[in-house]
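Participant: Below are the sequence and a predicted model for it; my questions follow.
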Amino acid sequence: MFAKKKTTEAKGGIAETIKTIVWALLIAGIFRTLFFQPFWIPSGSMKDTLLVGDFLFVNKMAYGYSKYSCPFAMCPISGRVFERAPERGDVVVFRHPVNNTDFIKRLIGLPGDTVQMRNGQLILNGQPVPQVPDGTFEEIYERQGPLGQYPRCENAPVGEGGVCTLSRFTETLPNGVSHDVLNIDDNGFADNTQEMTVPPGHYFFMGDNRDNSEDSRFSQAVGGVGMVPAEYLVGRADRIIFSSAGRSLFYFWTWRADRFFKAVE
């Protein structure tokens with residue numbers, strides 16, 4: 001009888017442990033779904049603000065809820081309920097309106113704004129957005145991240161292991177938000193565009209690595225981002241948790257110590 005009681009208690013203890021783990025995972029899943037979404041940077045379109053291998057959490061509560069930022073059972077099927085409207089300069093994760101993948105870019109144009117590029121200069125509502133030279137961004141010319149892509153360089157061609165450089169500028173948007181942008185050339189297709197008007201309920205996004213970014217400068221007719229509807233916004237990127245310069249986030253010996261808990265600006 002005593003042995004049977006012990007066995008029963010042991011089984012009960014295991015069951016309780018399993019139940020606790022299940023509840024913990026369920027709560028963690030709900031927390032992730034409702035409040036934060038992990039996001040890994042696979043490409044260099046947001047350098048030098050975000051580097052390939054940065055790992056961050058996206059604040060899904062930053063702007064309120066949409067069908068892309070919380071469970072369908074708890075949110076509107078379409079549209080967005082704003083708690084705080086997005087602001088120029090926010091770094092935002094959104095769902096690509098064409099291919100339905102997650103993108104991360106900087107918010108440049110609000111509904112009603114006109115946006116144009118002239119020789120690499122951003123023109124917002126008819127006014128050039130100020131840029132001040134801020135030195136040079138340097139990195140090693142080698143394959144980066146799990147995708148194994150090489151960086152684009154202003155000083156190309158660069159041999160394997162050489163130093164890849166890009167001109168860096170500090171750009172200040174009309175609301176006073178300043179951020180770095182990188183430049184490769186001033187004569188690319190995306191450096192000279194027609195004036196575009198952001199429709200009501202839409203937003204215009206650009207990558208900080210201006211000559212290496214597929215963003216709102218490219219129309220959805222050719223598979224580009226185009227103007228992004230408000231309901232496609234997932235959330236705001238606020239802080240990098242950690243960053244890996246290697247081919248995997250799990251190669252801890254390649255983590256960049258200077259990027260732990262770094263604010264996204």
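Facilitator: Everything's here; your move.
Participant: Show me the shaky parts of this structure.
Facilitator: Low-confidence segments of the chain, defined by pLDDT under 70: 1-34, 65-83.
Participant: Which residue lies nearest the spatial centre of it?
Facilitator: Ile104 (2.6 Å; C-alpha atoms, centre = their mean).
Participant: And the helix or strand encompassing Leu182, what does it pack against?
Facilitator: Using DSSP states H and E, Leu182 sits in strand 178-183. Applying 3 or more C-beta pairs under 8 Å, 6 or more residues apart in numbering; DSSP states H and E, we find strand 178-183 packed against strand 131-140, strand 163-172. Every C-beta, even on glycine, is put in place using the N, C-alpha and C of the backbone.
Participant: Can you name the next helix or strand after that strand?
Facilitator: Assigned by DSSP H and E, the successor of strand 178-183 is strand 196-197.
Participant: Next, the angle from the following helix or strand past that following strand to strand 178-183.
Facilitator: Following strand 196-197 in sequence order, the next helix or strand is strand 202-206 (DSSP H and E). Orientation check (axes from the mean of the first three to the mean of the last three C-alpha atoms, to 10 degrees): strand 202-206 against strand 178-183 gives 60 degrees.
Participant: So which other helices or strands are in contact with strand 202-206?
Facilitator: Looks like strand 202-206 contacts strand 91-95, strand 102-109, strand 228-229 (3+ C-beta pairs under 8 Å, 6+ apart).
Participant: run the last query once more with 10 Å
Facilitator: strand 91-95, strand 102-109, strand 114-118, strand 228-229 (3 or more C-beta pairs under 10 Å, 6 or more residues apart in numbering; DSSP states H and E).
Participant: gap between that strand and the chain center?
Facilitator: Using C-alpha atoms, centre = their mean, to the nearest Å, the mean C-alpha position of strand 202-206 is found 13 Å from that of the whole chain.
Participant: Quick one: work out the angle between that strand and strand 114-118.
Facilitator: Using the same axes, to 10 degrees, strand 202-206 lies at 20 degrees relative to strand 114-118.
Participant: would you put the C-alpha positions of strand 202-206 in PDB?
Facilitator: Provided in PDB are the C-alpha atoms of strand 202-206 (Å, rounded to 0.1, in the frame of the first residue of the first chain):
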ATOM      1  CA  HIS A 202      -1.300  54.700 -45.800                       C
ATOM      2  CA  TYR A 203       2.300  55.200 -45.000                       C
ATOM      3  CA  PHE A 204       5.600  55.700 -46.900                       C
ATOM      4  CA  PHE A 205       8.700  53.700 -45.800                       C
ATOM      5  CA  MET A 206      12.300  53.800 -46.700                       C
END
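Participant: Okay, helices next: where are they in the stretch 1-150 of the chain?
Facilitator: Using DSSP state H, counting those that start in this stretch, the helices of the stretch 1-150 of the chain run over 2-34.
Participant: got the helices and strands packed on strand 178-183 as TSV, with mean neighbour count and distance to Ser45 columns?
Facilitator: TSV is the format used below for the helices and strands packed on strand 178-183 (neighbours: other C-beta atoms under 10 Å; distance: least, C-beta to C-beta, whole Å):
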stretch	mean neighbour count	distance to Ser45
strand 131-140	14	14
strand 163-172	18	13
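Participant: Select, out of the ones you listed, the one closest to Gly44.
Facilitator: strand 131-140 (8.8 Å; C-beta to C-beta).
Participant: you'd agree Val52 is up against Asn212?
Facilitator: No. Look at Val52 against Asn212 with C-beta atoms under 10 Å: they stay out of range, at 11.3 Å.
Participant: Sweet, I'm off.
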